[in-house]
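Chemist: build me a structure from this.
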Amino acid sequence: LGDLLVNKKTSNLIEHYIVSTDDPQLKLYVRERTPTDISADACDKAIIFIHGATLDSGMYDLPVAGYSWLQAAAGQGMAAYAMDVRGYGNSTRPPSMASPAGDNLPYARATDAVKDIGDVVNFVRARTGRDKVILVGGSWGSITAGAYTSKNNDKIEKLVLYAPVFSDRNPGWLKAVSDPDDPTRFNFALGAYRRETAAGVRNRWDAEIVPEDKHRWREDHMLETLVQQQLDKDPESFNQTPPDFRVPNGVLMDVFEIFSERPLYNPSLIQVPTMLVRGADDPESTHRDATGLFEMLGSQIKRYVVIGNGSHFLFCEKNGFQAIREVLNFVQEEF
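Modeler: Predicted coordinates for the structure are as follows:
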């Protein structure tokens, strides 16, 4: 179990930094929200949210009414947590992310993230006194949460895979991460990390929603809120023009594998109640991939929910409240 280094409370938010058991130089950031004036060990359930490939734990705790998954979970009496995998957000960035990206290999693969999840799961179990916790993993986080659960069913009460990706061929992503001289190989020239800007996030998001109906999908201020939260955690962000935030590239190696139809874990080993939830218009978490994953799950209790008019950014779109409601209903059910 990582040592507790910092315990800073603001309102019902407590920020923890724990030492990674994989590398004592790494400190993993964990944010905690509980019901007002209720301690973590007095809550009925503990739930941990795992982020995806680009955005850190802040994606689950946006400072806009109705958009914080952590606040919603705490509002139902749970001790709610979100973590930053190594290299993301407030967790330790390695020296390779301070050097030119091309000087080093991609940093932080799914295997590394699974180790970080294990440290945070053990921390939360000790802090709350619960033998089992609930895991919610989104996008790349669905892979890391699924991989962790497949080998640690005894520590997990329920599993939710949000915007799941598993093993469906995706030509667009493969072109982006493949060696231009040999498409059967990963492009290691991409380096240790990449830089994301507000324009890059906007372009990706806009490509996934109906252009003439953007106002129906997304509130105007949500893009700025989402990106600002990421920029504020990178000490180099405002040294760049335009401002940007650094993101580890290990995930791109994982993307190359899964979108080449080579899955990174065996879902038949997952035995706990599991729910898959995705936006109907998500071009990365596809219906074909989700149904294939659903069929392979070893869980006796499993559910697949599709939210209409939702992209890969459903978590901060106007219909995102439906996803939050479905997730919290599922984790509160008694089976």
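
Chemist: quick check: closest non-adjacent residue to S167.
Modeler: P263 (4.0 Å; Cβ to Cβ, 6 or more residues apart in numbering). To be clear about C-beta, it is placed using only N, CA and C from the backbone, and glycine gets the same treatment.

Chemist: which parts of the stretch 201-335 of the chain are helices?
Modeler: Using DSSP state H, counting those that start in this stretch, the helices found in the stretch 201-335 of the chain span residues 214-217, 220-231, 250-258, 287-296, 320-332.

Chemist: need the contact list for the residue nearest the centre of the chain.
Modeler: Among the residues of the chain, the one closest to the centroid is H51, at 1.4 Å (Cα atoms, centre = their mean). H51 is in contact with S57, M59, Y60, A82, M83, D84, V85, Y88, G89, G138, W140, G141, counting by Cβ atoms under 8 Å, 6 or more residues apart in numbering.

Chemist: wait, is the last one part of a strand?
Modeler: No - according to DSSP: H, G, I helix; E, B strand; the rest coil, the state of G141 is helix, so it is not within a strand.

Chemist: against P63, how distant is it?
Modeler: 21 Å (Cβ to Cβ, to the nearest Å).

Chemist: of these two, which one has the most company?
Modeler: Shown here are G141 and P63; by other Cβ atoms under 10 Å, G141 has more neighbours (30 against 11).

Chemist: name the nearest residue to that one, ignoring sequence neighbours.
Modeler: I50 is the one closest to G141 (Cβ to Cβ, 6+ apart), at 3.7 Å.

Chemist: burial of that neighbour, as a residue count?
Modeler: 32.

Chemist: which parts of the stretch 151-300 of the chain are strands?
Modeler: Listed in chain order, the strands of the stretch 151-300 of the chain (DSSP state E, counting those that start in this stretch) span 156-162, 178-179, 182-186, 193-197, 244-248, 274-279.

Chemist: I'd like the next helix or strand past the host helix or strand of A113.
Modeler: Taking DSSP states H and E as the criterion, A113 maps to helix 110-128. Sequence order places strand 133-138 as the next helix or strand after helix 110-128, per DSSP H and E.
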